[in-house]
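Colleague: I'll drop the sequence and a predicted model, then ask my questions.
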Amino acid sequence: MSNNTASWGSRVGLILAMAGNAVGLGNFLRFPVQAVENGGGAFIIPYLICFLVMGIPLLFIEWSIGRYGGKFGNHSTPYILDTMAKGRVWKYIGVFGIFTNVAVICYYVYIESWTMSYVLHSVIGTFTGMSQAETAEFFNSYVSLTESTLGIPFEAVVFYIICLILNTYILSSGLKGIEKVAKIGMPMLIIFGAILAVKAFTLGDANASPEFPNANAWDGLNFLWTPQYESLLDSKVWLAAAGQVFFTLSVGMGTIHCYAAYVRSKDDIALNSVSAGFMNEFVEVVLGGAIVIPIAAGYLGLDWVINNAGFGMAFQTMPYLFQQWGQVLGAVGGVLWFGLLFFAGITSSLAMGTPWVGFMKDEFNWSQKKSAISFGVLVAIFGLPTVFFFTQGVFDEYDYWAGTISLVIFALLETIVFAWIFGINKGWNELMEGADIKITPIYKYIILIVTPLLLIWVFASNIPDIYDKITHK
Ligand code: PHE
């Protein structure tokens, strides 16, 4: 247990840091892909339902657990869980949560480093005049570590290390540094996103390439927003929706515990958790849905988007599409898009670093700086393999085990601790302490019964896949 009594500097700082934690690459890269792959409007209803019956309850649980632990001077999940439930096993479960954070950050920082490098490439005009095949090839050689346009050998590795050092440096300055980054990064992200979305809306079909004369940006938006009720019976769509809700809200890893442990006991955590959650959803469905899909649909057509949905859209295709705006505006488009992704990424990776740093402080009484450096070294050791062996699929393995499966397991365990071991009444009182807003007590029963059952169902539905993975089918 550390004696650190630090707390967030201001309410705005706390909300922006929490929103920055949630708003991440998941909102702009993962959400559009998941939505398109799962049928656009077919995805939205299960997604919103999962947000309400799983996302919001998990936010309540994690904020309450975090603040409760913080009252006892604990700032990391193992110690926080230890104050709620007796028995060493919960401490180990907390450690499992910390390692999930570390595993996700290992590949997350890699994507973050691409965005940094792509901002630079947009500024220096690397993409000017490139064909669609060439911008795609640029990305492929970047991640294969074969070519370096900047004249730096292993450019991807260099940017990974720069990005990691930046994260470590900010973490070493503690909450203050995180708050500062969130206060700059979040408004910038919203402004950049709004400009790109307005541009996307105004594309219409005037810019369709000669190859795709019927392309229209509005087709992309309509596809996303026209509900299709048949999908309600498709369990695959539900699973994808649940997975996206987890990832985007940053729940299921104990990241939020560690931010909430620094909340003052009179703060309204019920209101804060709802605000941060809804802010994330706004940025995800409104902004996240209004950039890549309509811009790509505007130039290349909706069919192209549906057939090519994937990570590649953001890095392989967008730099090409921005060129259609002319040399200067194309560069501006690139800076806005990759800059937005960078801000989204860094405010989330800092959040993922906090549990490890807090654990080192709680466990060994290390200073903030020493704990942050240990984080940087750890991520370098386990993260660089995702860079060196990206094309061999190491990245995807991390994303599956840490970014998909572990989240569900951890979320189920923390729900059990909160509702069944600590006790839902005590838990609810913690949530409501200092709360001005009224939350319908229906949520008490949702947390007690619906959320755990849903989590068990999500986990059980993943078992065949897990089995296939383990047996390498
Ligand atoms: N929510 C972040 C995103 O959408 C990812 C994240 C997951 C951040 C877990 C922190 C903890 O990109």
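Modeller: Alright, I've got the coordinates. Residues are numbered from 1 along each chain as shown.
Colleague: per-residue confidence for the nearest residue to Pro385 once chain neighbours are set aside?
Modeller: Excluding the flanking residues, the one nearest Pro385 by C-beta to C-beta, 6 or more residues apart in numbering is Val394, at 5.4 Å. For glycine as for every other residue, the C-beta is placed from the backbone atoms N, C-alpha and C. Looking at Val394, its pLDDT stands at 82.
Colleague: Val394 and Phe382 touch, don't they?
Modeller: No - using C-beta atoms under 8 Å, Val394 is not in contact with Phe382; the gap is 10.4 Å.
Colleague: next one: the lowest-mean-pLDDT helix or strand in the chain to chain centre, how far?
Modeller: Sorting the helices and strands of the chain by mean pLDDT, DSSP states H and E puts helix 394-400 at the bottom, at a mean of 82. The chain centre lies 15 Å from the centre of helix 394-400; the measure is C-alpha atoms, centre = their mean, to the nearest Å.
Colleague: list the contacts of it.
Modeller: The contact list for helix 394-400 (C-beta atoms under 8 Å, 6 or more residues apart in numbering) reads 103-104, 106-107, 110, 385-386, 389, 469.
Colleague: what are the C-alpha coordinates of stretch 396-406, in PDB please?
Modeller: What follows is stretch 396-406, C-alpha atoms only, in PDB (Å, rounded to 0.1, in the frame of the first residue of the first chain):
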ATOM      1  CA  ASP A 396      -3.200 -10.700 -33.800                       C
ATOM      2  CA  GLU A 397      -2.400 -13.200 -31.100                       C
ATOM      3  CA  TYR A 398      -2.000 -10.400 -28.600                       C
ATOM      4  CA  ASP A 399      -5.200  -8.800 -29.700                       C
ATOM      5  CA  TYR A 400      -7.100 -12.100 -29.400                       C
ATOM      6  CA  TRP A 401      -5.900 -13.300 -26.000                       C
ATOM      7  CA  ALA A 402      -5.500 -10.000 -24.300                       C
ATOM      8  CA  GLY A 403      -7.800  -7.600 -26.200                       C
ATOM      9  CA  THR A 404     -10.700 -10.000 -26.500                       C
ATOM     10  CA  ILE A 405     -10.800 -13.000 -24.200                       C
ATOM     11  CA  SER A 406      -9.100 -11.700 -21.100                       C
END
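Colleague: how about it: buried residues?
Modeller: Within stretch 396-406, the residues that qualify as buried by neighbour count (16 or more other C-beta atoms under 10 Å) are 397-400, 402-406.
Colleague: do that stretch and the ligand come into contact?
Modeller: No - judged by C-beta under 6 Å from any ligand atom, stretch 396-406 makes no contact with the ligand; its nearest approach is 7.5 Å.
Colleague: can you list the residues of the stretch 151-300 of the chain near the ligand?
Modeller: Residues of the stretch 151-300 of the chain lying close to the ligand (C-beta under 6 Å from any ligand atom) are 247-248, 250, 253, 255.
Colleague: adding secondary structure and distance to Leu412, write those residues out as a markdown table.
Modeller: Shown next, in a markdown table, are those (DSSP: H, G, I helix; E, B strand; the rest coil; distance: C-beta to C-beta, whole Å):
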| residue | secondary structure | distance to Leu412 |
| --- | --- | --- |
| Phe247 | helix | 16 |
| Thr248 | helix | 19 |
| Ser250 | coil | 17 |
| Met253 | coil | 13 |
| Thr255 | helix | 16 |
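Colleague: Trp356 touches Ala103, doesn't it?
Modeller: No - judged on C-beta under 8 Å, Trp356 makes no contact with Ala103 at a distance of 11.1 Å.
Colleague: on the three-state scheme, Leu145 is what?
Modeller: Per DSSP: H, G, I helix; E, B strand; the rest coil, the secondary structure class of Leu145 is coil.
Colleague: contacting residues for it?
Modeller: 154-157, 387-388.
Colleague: at 6 Å what do you get?
Modeller: Residues near Leu145 by C-beta atoms under 6 Å, 6 or more residues apart in numbering: 154, 156.
Colleague: also Asn38?
Modeller: 237, 240.
Colleague: any idea how far it is from the ligand?
Modeller: 17 Å (C-beta to the nearest ligand atom, to the nearest Å).
Colleague: residues contacting the nearest residue to Ala290 once chain neighbours are set aside?
Modeller: Computed as C-beta to C-beta, 6+ apart, the closest residue to Ala290 that is not its neighbour in sequence is Ala197, at 3.9 Å. Counting by C-beta under 6 Å, 6+ apart, Ala197 touches 287, 290-291.
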